[in-house]
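Fold the following for me, if possible:
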Amino acid sequence: MSEQLMATEPTVRRAVVDRPYYYATSMEKTVHAYTRDEWGIGGSQPSGNYSVHTTTGLYIVTILMTIPAIFAPLLLIIAVASLNIIVGLLALVCTVLFTGGWLFGIGNLRRERQASKQRRLKGLPKPRFALSDDHARDWFESHPSGIAITRENFPDSTRPFPGETFP
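Sure thing, here's the model as predicted:
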C-alpha cells in the first residue's frame, strides 16, 4: 500500500525523486535548466516564483553574525566557570544559534562560489526567478533544446506526457 502511495502521491514523489534539472529565468525571459550544483543559493528548494536569495545579502548577514558567533562561546565558558546556570543556558542557546547560523552561512557562500564557477563554464546566468515544471515544459516545447520532454526531467508537471494516462 505504501509503495502505491509513493508512486501516485505528488508530494511524496517530489521528496523521493532526485531531479536532474531546476528551471529559472535570469533578468530576461529565456528559461535555463540548472543542475543542483549549478543552482547555488536556494538550490535545495527552487520552486515558486520568487527572487532567489542574493549573495550580497548572505555576505552581510554572515558578517553581522561573526561577532556574536565568537562571543557566545566565550560567554558560555565564563558562565560555566562561574557556575551561573541562567547565563550559561542563555549563552548555550546563543552559541547554537549564532555559531550554527554562521557556519551555515559560510557553507552556503562556498556552495554559491562553486555554483558560480560551474555556471560560468556553461555560460549560464545566475538564476533569479524559479519556474514550475509546467512553465519550463511549455518553454522547452516551444523552444527546442537539448532538454528532453520526459517525466524524468519534469517530475512535477501536471500534464500527462506521451504514453501516460492521468486519472
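
where are the low-confidence patches of this protein?
1-17, 42-53, 166-167 (pLDDT under 70).

can you give me the strands for it?
22-25, 31-34, 129-130 (DSSP state E).

can you list these in a markdown table and add mean neighbour count and distance to Arg159?
Where you see a C-beta, it was placed from the backbone N, CA and C, and this is true even at glycine. Shown next, in a markdown table, are the strands of the chain (neighbours: other CB atoms under 10 Å; distance: least, CB to CB, whole Å):
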| stretch | mean neighbour count | distance to Arg159 |
| --- | --- | --- |
| strand 22-25 | 22 | 15 |
| strand 31-34 | 22 | 16 |
| strand 129-130 | 20 | 19 |
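
closest to Gly57 out of these?
strand 129-130 (16.3 Å; CB to CB).

list the helices and strands the closest one packs on?
The contact analysis (3 or more CB pairs under 8 Å, 6 or more residues apart in numbering; DSSP states H and E) places strand 129-130 against strand 22-25.

what lines up beside the strand it packs on in the sheet?
If you go by DSSP bridges, strand 22-25 pairs up with strand 31-34 (antiparallel), strand 129-130 (antiparallel).

Report the backbone C-alpha coordinates of that strand in CSV.
Only the C-alpha atoms of strand 22-25 are listed here, as CSV (Å, rounded to 0.1, in the frame of the first residue of the first chain):
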residue,chain,number,x,y,z
TYR,A,22,15.8,23.0,-11.9
TYR,A,23,14.4,25.8,-14.1
ALA,A,24,14.7,29.5,-13.8
THR,A,25,15.0,32.8,-15.7
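
what residues does that strand touch?
Strand 22-25 is touched from outside by 31-36, 39, 43, 46, 52, 127-133, 135-136, 139, with contacts defined as CB atoms under 8 Å, 6 or more residues apart in numbering.

Tell me the buried residues within the residues you listed.
31-36, 39, 43, 46, 52, 127, 129-133, 136, 139 (16 or more other CB atoms under 10 Å).

Relative to Leu76, how far out is Ser26?
Counting by CB to CB, to the nearest Å, the gap from Ser26 to Leu76 is 44 Å.

Just want to know which of these two has more residues nearby.
A count of neighbours by other CB atoms under 10 Å puts Leu76 above the other of Ser26 and Leu76, at 21 against 14.

Looking at the strands paired with strand 22-25, spot the one closest to Arg120.
strand 31-34 (12.8 Å).
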